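S.K.: Okay, sequence plus prediction incoming.
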Amino acid sequence: MSQTPAWDHYRSFLAVVEHGSLSGAARALGLTQPTLARHVEQLEAALGARLFTRSPQGLDPTDPAQRLVPHAKTMAAAAAAASRAADGDAATLTGTVRIAASDVVGALVLPGMLRDLRAAQPGLSFELALSNEASDLLRREADIAIRMIRPEQSALVAKRVGEVMLGAFAHPDYLARHGTPDMPDDLAGHDLIGVDRDLSALRGLDVTGFPLDRASFAYRLDNQIAHIEAIRQGLGIGICQVGLAARAPRLTRLFADWVAIPLETWVTMHEDLRGDARMRVTFDHLCREMAAYCRIA
């Protein structure tokens, strides 16, 4: 290695990996294409390795580039965390908080909770990182995370707030057209909403007694938000969080004695953030609100 690469070079490298071309990466970062190309060339010279090869599809990362990606992402997360730390005062309720959550929780549950917190604390702003993959708080990909699985890292502040319950639901209009099944055995002839390619989701239904496979579903999709909207639009019977089903349009729960899937729910943050007032207030607020949401039955 001839010299220590600058962070800007790693940032440009990651953008090329993500966008597959110099032009796309330059647009994403607001740089000129020659500037971005120079960053990549300087990074290659510093590392002594070629990072991209040309293909009909654009620029493909080489094996050394693939090995570099996770380290560069760690650097990017740390840089973003440093920027958030600098944009506010740790002793006051100002600045940005980055929150990681699943697509459903982030899109349909958190907005109302954060609306109320910002109304009370207008100095706070929020970034949402929505993904069904767990964010790594130790790498500072987010400040606070809401997880449906028990955290295993020891360097986290974690509070179990309850269980989000999943159940089987349908819109009343659908049931008016097709009739209301009393038990899972009555599902023959009903329109079911379920998975497309993510067959791992079927394992979660093993406890329900549903004899389901992909062919059982009349409406197939893997996006959970779209799944809930399909139920709300009366396309058929599907799985939904009980708390969401209680909202307008109110959905009708079916087979409550057979279909009740608990998702253990935790609010977590890195222990180093406990002294930051904005993080602590946001953490405590989300713990209270998510606990109330978990109690909806």
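M.R.: On my side now, so go ahead.

S.K.: and His190, how many neighbours?
M.R.: Applying other C-beta atoms under 10 Å, we find 18 residues neighbouring His190. (C-beta placed from N, C-alpha, C; glycine too.)

S.K.: Am I right that it is in a strand?
M.R.: No: His190: not assigned to a strand; according to DSSP: H, G, I helix; E, B strand; the rest coil it is coil.

S.K.: Would you agree it is in contact with His178?
M.R.: Yes: at 6.0 Å, His190 and His178 qualify as touching, with contact defined as C-beta atoms under 8 Å.

S.K.: shared neighbours, the two?
M.R.: Shared contacts of His190 and His178 (C-beta atoms under 8 Å, 6 or more residues apart in numbering): none.

S.K.: Asp60 versus His39, what's the distance?
M.R.: 18 Å (C-beta to C-beta, to the nearest Å).

S.K.: Please read the previous query as pertaining to Arg150.
M.R.: Distance from Arg150 to Asp60, by C-beta to C-beta: 38 Å.

S.K.: Tell me where the model's unsure across the stretch 151-297 of the chain.
M.R.: Filtered on pLDDT under 70, the stretch 151-297 of the chain yields the residue ranges 154, 201, 203-211.

S.K.: which stretches of it form strands?
M.R.: 156-170, 193-194, 219-220, 238-241, 252-254, 261-270 (DSSP state E, counting those that start in this stretch).

S.K.: who's more crowded, His39 and Asp60?
M.R.: Legend: neighbour count by other C-beta under 10 Å for His39 and Asp60, higher for His39 (25 against 14).

S.K.: need the contact list for that one.
M.R.: 8-9, 11-13.

S.K.: Quick one, which of those residues are buried?
M.R.: Neighbour-count burial (16 or more other C-beta atoms under 10 Å) applied to the contacts of His39 gives 9, 11-13.
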